[in-house]
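Asker: build the 3D model from these lines:
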Amino acid sequence: MKYILAFLCWCGFLKSFAQKSSIPFINTEITVDGQFNEAVWQQSPTLTNFYNYLPTDIGQSENQTEVKLFHNGEFLYVQAIYNDSTEETRVNTLKRDVSIAFSDAFIIVIDTQNQEQNGYLFAVNSLGNQTDGLVGRVNDGYNLNFSWNAIWQSKAVLNGKKKQYELAIPLKALNFNKENPVFGIQLYVRDIKNNSWTIFKNVKRNYPTLDLRFTEKFTVENLPDIAASRFMVTPSITTNYQEDISNDTNETTFVPSVDVQYNLTSSLKLDATINPDFSQIDVDQQVTNLTRFAIFFPERRNFFLENADLFSNLGVNGVNPFYSRRIGAQSDIQFGIKLSGNIAPKTRIGLLNVQTDDENEIASQNFTALVGEQQVSKNFAATAYLINRQETNDFEFVDDYNRVAGININYKSNNNKWIGIANFGKSFNDGIEYKNNFYNLGIWYNQRGLRWNAGVKKVEQNYLTDVGFTPRLFNYDAINDVVIREGYTQANAGIEYQKFYENSNTLNSVRYLNYSNNTYFDETGNFNQSSHFLNSAVFFKDLSAIYYVINYDDVDLKYGFDPLRNGNSLQPDRYRFGILKIGYNSANNQKFRYRFNVQKGTYYSGKRTTAGAYLNYQLLPFANLKFNYDLNHINLNELGNETFHLARLTSEIFFSNRLNWTTYVQYNTQLDNFNINSRLQWEYKPLSYLYFVVSDNFTQNITPKNWGIAFKMNKRFDF
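Answerer: Numbers count the residues shown, from 1 in each chain. So this is what the prediction gives:
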């Protein structure tokens, strides 16, 4: 009898394991109401035994979650029950596509190609608010972009201490391939009340939360050959009135536009746009720039986001051959078309073409990007690309062009502790045939408590990327009012050591050392700049933290620099300066959150004093108020002194999950700008919106410059 019992237990274990690693096909439909009344939920296998991720990554979580998955060939259905220790719940927003880091929520991340390169995120907070986005690889980590959207169903129900979530994700919204029926899936639960993250597949917190290398592998049974045909059309109309008070002019425009997406296969998508309008997009958060180079701002336009990591991940930090925000920056986009996705389980392609209009003295341009990515082996992936900007006259090309080609090799070790990257790029311009290359080598090591990295890159003088982002290649000489293009070599290295105190009643962890260095040399090999960063921090049990940062720079300034923007420039010379920053961050699970810091030190030939504060008060579920303020006082002695103020007030008022009113007030004395942007947004149908936007710009002395009103309506049709 004992052998029979042992055999039955072994069979049960094998059955449980098999169920855990597969998503069954069950030909039925359910009503997404969060009640779980359908019989199918009783026969679906249960996934549980979630692990702690934060504030500790030791052991399994005290409050467990039970998850069930199945699909019917059209939808991936998800049931999740979080067994909370209290009936209370807390969220920080009722606005779609906002980070769920400060709300009770359930999250699923799906790597449909199981290549650990990119994936989808779907999240629901405990009051039913949806967030979706794309997870994409970036060098040694992964980032998340909330601008991507899909139509899917979800419902959250508060059932005593149980937080119940039910999701129906259409397979037609996902990029999958029947020849590769394995999905990498990670499940998360966020409990903001105790400031915890719990996770299904065990991951130590030295790795990024959204690290696709640590997904559980599920075989999807009976995955369809192709998803149900997806043909999405979003027509829109925009009326915009703009008045330029400074020049006493005004203009009223009426612009129709249309966006189309079609699934050629379940893993290959075709996107097209005509006369796109982006008036619904959030305004960029302004910054005080005290460097000599341009600042990077992320892409927010939906057309550029599907499979965006294919195009945006072609370079490295500070040297990227494709920066989609260059497209349409000087003139309106007439049309765009993009083909992207997998043509084989391990092969992904991207083809993008955009035509802009001619405006005043700005010539029309055609932009093309062709990218191919191949998973060579489990450890190596290769990417090749060609980027082209070509001036056009009607439908004819003009001999004014810029082309960039290159190849990237990415490495990841089997134990996920090592990551390597190698890049080579070359640009092509009429009459330029030398010093037009880019090289890069980088390596990262990561284990619990210790990580380090090292790398070197070389950017030659004529590595021109008209559609890219290479700010350090261009040096503005404020004395002679000219821009000098100069190549450089950069060597970088960093190390971080952090110790975790699981048994302490006070401490969560201490970051004893976080040091990095970037050293630059000019084209002849002479020293140009060395920047040092040193940081330590103490994290308490509630994850509040106190920290310090020391920044020290040694700069051989070759060209005049006017940081005060008063016409008095620093002269070329050797400058050594540094600043000490001390700050405190409150715990993130409070209704009132705050951060503040003070800095004092030297700056080139003078002195610098800085203070910053961030306040966030949550009147939820009705409103969320945020305030940022930064002050920079710089005294350059005989060159003058200046105090730069940067303030940003964000007010979000929620009338429902689909109707909200957001107002940004930004005050930036460095840019002599006081801006108000107020937007009423109503999602009257899933991903169909009405926008009413009012913007007003003043000088820092509140003198009117320009203002405008925009009304936009779109309607999304899914076939």
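Asker: and the strands in the stretch 401-550 of the chain?
Answerer: Counting by DSSP state E, counting those that start in this stretch, the stretch 401-550 of the chain has strands at residues 418-428, 437-447, 450-459, 474-477, 482-485, 488-500, 507-522, 527-540, 545-557.
Asker: buried residues in the third one?
Answerer: Just to be clear, that refers to strand 450-459. Under the neighbour-count criterion of 16 or more other C-beta atoms under 10 Å, strand 450-459 has 451, 452, 453, 455, 457, 458, 459 buried. Just so you know, the C-beta spots here come from the backbone N, C-alpha and C atoms, and that holds for glycine as well.
Asker: for these, give me TSV that also has distance to residue 185 and pLDDT.
Answerer: Output for the buried residues of strand 450-459, formatted as TSV (distance: C-beta to C-beta, whole Å; pLDDT from 0 to 100):
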residue	distance to residue 185	pLDDT
451	26	96
452	31	97
453	29	97
455	32	97
457	35	97
458	40	97
459	39	97
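Asker: assign the closest residue to residue 155 other than its chain neighbours to helix, strand or coil.
Answerer: Spatial nearest neighbour of residue 155, excluding adjacent residues (C-beta to C-beta, 6 or more residues apart in numbering): residue 34 at 3.9 Å. State at residue 34, reduced to three classes by DSSP: H, G, I helix; E, B strand; the rest coil: coil.
Asker: you'd agree residue 34 is up against residue 153?
Answerer: No. Between residue 34 and residue 153 there is no contact under C-beta atoms under 8 Å: 10.6 Å.
Asker: and these two? Which one has more around it.
Answerer: Neighbours were counted for residue 34 and for residue 153 using other C-beta atoms under 10 Å; residue 34 has more, 22 against 17.
Asker: could you measure that one against residue 645, distance?
Answerer: From residue 34 across to residue 645, the span is 47 Å (C-beta to C-beta, to the nearest Å).
Asker: do the same with residue 298
Answerer: For residue 298 relative to residue 645 (C-beta to C-beta), the value is 24 Å.
Asker: who has more neighbours, the two?
Answerer: Counted by other C-beta under 10 Å, residue 298 and residue 645 do not tie: residue 645 has more neighbours, with 15 against 11.
Asker: can you list the low-confidence ranges for the stretch 601-719 of the chain?
Answerer: Of all residues in the stretch 601-719 of the chain, none has pLDDT under 70.
Asker: now do the strands in it.
Answerer: Listed from the start of the chain, the stretch 601-719 of the chain has strands (DSSP E, counting those that start in this stretch) covering 606-619, 623-635, 641-654, 659-668, 673-685, 688-698, 704-714, 717-718.
Asker: columns distance to residue 125 on top of those strands, output as TSV?
Answerer: Listed next are the strands of the stretch 601-719 of the chain as TSV, based on distance: least, C-beta to C-beta, whole Å:
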stretch	distance to residue 125
strand 606-619	13
strand 623-635	13
strand 641-654	12
strand 659-668	14
strand 673-685	16
strand 688-698	20
strand 704-714	25
strand 717-718	24
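Asker: can you say which of those strands is nearest to residue 340?
Answerer: Nearest of the strands of the stretch 601-719 of the chain to residue 340, taken as C-beta to C-beta: strand 717-718 at 18.9 Å.
Asker: packing partners of the closest one?
Answerer: strand 231-244 (3 or more C-beta pairs under 8 Å, 6 or more residues apart in numbering; DSSP states H and E).
Asker: from the chain's centroid, how far away is the strand it packs on?
Answerer: 25 Å (C-alpha atoms, centre = their mean, to the nearest Å).
Asker: one more: stretch 386-402?
Answerer: Centroid separation between stretch 386-402 and its chain, computed with C-alpha atoms, centre = their mean, is 31 Å.
Asker: buried residues, it. List them.
Answerer: Applying 16+ other C-beta under 10 Å to stretch 386-402 flags 387, 388, 389, 390, 391, 392, 401, 402 as buried.
Asker: name the residues that touch it?
Answerer: With C-beta atoms under 8 Å, 6 or more residues apart in numbering as the test, stretch 386-402 has contacts from 314, 321-322, 355, 363-370, 403-405, 427-430, 464-468.
Asker: now with 7 Å, please.
Answerer: Under the criterion C-beta atoms under 7 Å, 6 or more residues apart in numbering, residues 321-322, 363-370, 403-405, 427, 429-430, 464, 466-467 lie in contact with stretch 386-402.
Asker: which residue ranges form the helices in this protein?
Answerer: For the chain, the helices defined by DSSP state H occupy 2-20, 40-43, 308-312.
Asker: and the shortest one, which residues are buried?
Answerer: When burial is assessed from 16+ other C-beta under 10 Å, helix 40-43 yields the following buried residues: 40, 41.
Asker: shift numbering so it begins at 800
Answerer: Fine by me, first position is 800 from now on; the one you just mentioned is helix 839-842.
Asker: per-residue confidence averaged over it?
Answerer: Over the span of helix 839-842, the pLDDT mean works out to 90.
Asker: repeat that for stretch 856-866.
Answerer: Averaging pLDDT along stretch 856-866 gives 95.
Asker: cool, stretch 1124-1135 as well?
Answerer: Taken as a whole, stretch 1124-1135 has an average pLDDT of 88.
Asker: quick one: the strands in the stretch 1000-1149 of the chain, in order.
Answerer: 1015-1019, 1030-1043, 1048-1064, 1067-1073, 1132-1143, 1146-1155.
Asker: now tell me what touches the fourth one from outside.
Answerer: Put plainly, it is strand 1067-1073. Applying C-beta under 7 Å, 6+ apart, the contact partners of strand 1067-1073 are 974, 1056-1063, 1102, 1105, 1134-1142.
Asker: just how off-centre is that strand within its chain?
Answerer: Using C-alpha atoms, centre = their mean, the offset of strand 1067-1073 from its chain centre is 22 Å.
Asker: which positions in it come out as buried?
Answerer: Buried residues in strand 1067-1073, counted by 16+ other C-beta under 10 Å: 1067, 1068, 1069, 1070, 1071, 1072.
Asker: swap in the longest one?
Answerer: By neighbour count, with 16+ other C-beta under 10 Å as the criterion, the buried positions of strand 1048-1064 are 1056, 1058, 1059, 1060, 1062, 1064.
Asker: likewise the second one?
Answerer: If you call a residue buried by 16+ other C-beta under 10 Å, then strand 1030-1043 has these buried ones: 1031, 1033, 1035, 1037, 1039, 1042.
Asker: wait, which of the residues you listed is closest to residue 1284?
Answerer: Among the buried residues of strand 1030-1043, and counting by C-beta to C-beta, the member closest to residue 1284 is residue 1039, at 36.8 Å.
Asker: the closest one against residue 1131, yeah?
Answerer: No. At 11.8 Å, residue 1039 does not count as touching residue 1131 under the criterion of C-beta atoms under 7 Å.
Asker: sorry, back to before: now render the strands of the stretch 1000-1149 of the chain as TSV, adding distance to residue 841.
Answerer: Listed next are these as TSV, based on distance: least, C-beta to C-beta, whole Å:
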stretch	distance to residue 841
strand 1015-1019	20
strand 1030-1043	35
strand 1048-1064	33
strand 1067-1073	36
strand 1132-1143	36
strand 1146-1155	39
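Asker: indicate which one of these is closest to residue 1475.
Answerer: strand 1030-1043 (14.4 Å).
Asker: now do that closest one against strand 1067-1073, angle only.
Answerer: Taking axes from the mean of the first three to the mean of the last three C-alpha atoms, to 10 degrees, strand 1030-1043 and strand 1067-1073 form an angle of 30 degrees between their directions.
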